[in-house]
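Novice: any chance you could fold what I've pasted below:
(one chain, ligands or ions: 3)
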Amino acid sequence: MHNGTTITQFIIEEQRHVAGATGDFTSLLNDIVTACKVISNMVNHGALVGVLGSAESENVQGETQKKLDILTNEVFIKSNEWAGHLAAMASEEMDTIYDIPAKYPRGKYLLTFDPLDGSSNIDVNVSVGTIFSILRIQGGDGAPTERDFLQAGTQQVAAGYALYGPSTMMVLTTGNGVNGFTLDQNIGEFILTHPNMTIPADTREFAINASNSRFWEPPVQRYVQECLDGKEGPRGEDFNMRWIASMVAEVHRILTRGGVFMYPIDSKMKSKGQGGKLRLLYEANPMSFIVEQAGGGSITGTERIMDLQPESLHQRVPVILGSKNEVERILGYHSD
Ligand SMILES: O=P(O)(O)OC[C@H]1O[C@](O)(COP(=O)(O)O)[C@@H](O)[C@@H]1O
Ligand SMILES: [Mg+2]
Ligand SMILES: [Mg+2]
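Specialist: Residues are numbered from 1 along each chain as shown. Ligands and ions are numbered 1, 2, ... in the order given. Okay, here's the model as predicted:
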């Protein structure tokens, strides 16, 4: 594929190699692309269109929602409910699943999404994003239920994210490698600019919110301390650290130049009965699919995230992902 290929051309070309493809999947992806273009425009205009700041409401996790959390959720619903490809949707910002209104035909796919990732960065104009994952409904023709969404990450048909940064990008996998596209604002099209993205197996860069360090478990304490000890320590090399507080931006950096991202379980979370910070269906699974397709690894600390059997719609899990050899080292520290 030469550069200059639009994401629509790319998806259609890919689907030509899928036996029995009906075009539904292509058209669903196109509706998701449209939603991300609308959100990119909203985010770019920010204060000019009054979308900054908090909404007077909380999501199912008890987090105060930003206006953009709610507006972007609406954009995703409106862009994807009408075309007849979906049976239902689930979002980080909605307590229950969203059943397709009866006035629209129902389809065979399920869409899960984090409409706006990195919400704490919206008002300070730092990169944010959107994360999505597509599954096939396994059950019969009846009304979809929450249970239909509780599928392991290995069942994902596609996953992707949009990054609203200095440029707006979209990164996508359909299980056939990872490709990145940049939005050409002049023609309103995502153009293939980063074909076959791969993550270097080794890295000297880690990302973690160090303000939680006193709550971390010993394997993570050990790993981070060894990185900080640098040349003088057992790793014998200096490490760099980053923390953007937008998972999409961290994962994009790792897809671009390697690294390891960690939001591990800690004693503070455990004391609140929380299984982690990040959401399995909207954040951990889609990002794990992308990272693995780019040659990286993604674990909870003790197991592969994509093998987890989800138990609930808003389940949270520990996430450690990125350059394969570092992720395996951290897995080793957990089994020591
Ligand atoms: O504020 P913290 O603790 O550093 O957490 C940052 C993490 O939380 C998130 O913002 C959670 O996602 P949402 O913004 O979608 O709720 C991640 O993008 C990011 O990695
Ligand atoms: Mg998020
Ligand atoms: Mg979010």
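Novice: touching ligand 1 at all, stretch 101-114?
Specialist: Yes: on the criterion CB under 6 Å from any ligand atom, stretch 101-114 is in touch with ligand 1 at D114. For glycine as for every other residue, the C-beta is placed from the backbone atoms N, C-alpha and C.
Novice: now the residue of the stretch 151-300 of the chain found nearest ligand 3, nearest residue through space, not along the chain?
Specialist: For the stretch 151-300 of the chain and ligand 3, the shortest gap (CB to the ion) falls at Y282, measuring 7.4 Å. Nearest residue to Y282, sequence neighbours excluded (CB to CB, 6 or more residues apart in numbering): D114, at 4.0 Å.
Novice: touching ligand 1 at all, the helix or strand of the chain with the lowest mean pLDDT?
Specialist: When the helices and strands of the chain are scored by mean pLDDT, DSSP states H and E, strand 54-58 comes last with a mean of 89. No: on the criterion CB under 6 Å from any ligand atom, strand 54-58 is out of touch with ligand 1, staying 12.0 Å away.
Novice: would you mark the buried spots in that strand?
Specialist: Residues of strand 54-58 include none that count as buried (16 or more other CB atoms under 10 Å).
Novice: how about that strand and ligand 3, touching?
Specialist: No: Strand 54-58 does not reach ligand 3 (CB under 5 Å from the ion); its nearest approach is 12.8 Å.
Novice: about what we covered before: which residues does the residue of the stretch 151-300 of the chain closest to ligand 3 contact?
Specialist: Going by CB atoms under 8 Å, 6 or more residues apart in numbering, Y282 touches 90-92, 112-114, 131, 133.
Novice: go on, A55?
Specialist: 64-67, 69-70 are the contacts of A55 under CB under 8 Å, 6+ apart.
Novice: just these: which are in strands?
Specialist: 64-66 (DSSP state E).
Novice: so which of those wins on neighbours?
Specialist: Per-residue neighbour counts (other CB atoms under 10 Å) across the ones in strands among the contacts of A55 peak at K66, which has 23 neighbours.
Novice: gap between that one and E93?
Specialist: For K66, the distance to E93 (CB to CB, to the nearest Å) stands at 10 Å.
Novice: where does pLDDT dip in the protein?
Specialist: Counting by pLDDT under 70, the chain has low-confidence residues at 1-3, 140-141.
Novice: quick one, helices of it?
Specialist: Here the chain has its helices, by DSSP state H, at 7-15, 24-45, 67-80, 218-229, 247-257, 267-271, 285-293, 324-335.
Novice: hang on, L278 packs against H314?
Specialist: No: judged on CB atoms under 8 Å, L278 makes no contact with H314 at a distance of 11.1 Å.
Novice: which residues touch the residue of the stretch 51-200 of the chain found nearest ligand 3?
Specialist: Using CB to the ion, D114 is the residue of the stretch 51-200 of the chain that sits closest to ligand 3, at 4.3 Å. By CB under 8 Å, 6+ apart, the contact set of D114 is 91-92, 130-132, 279, 282-283.
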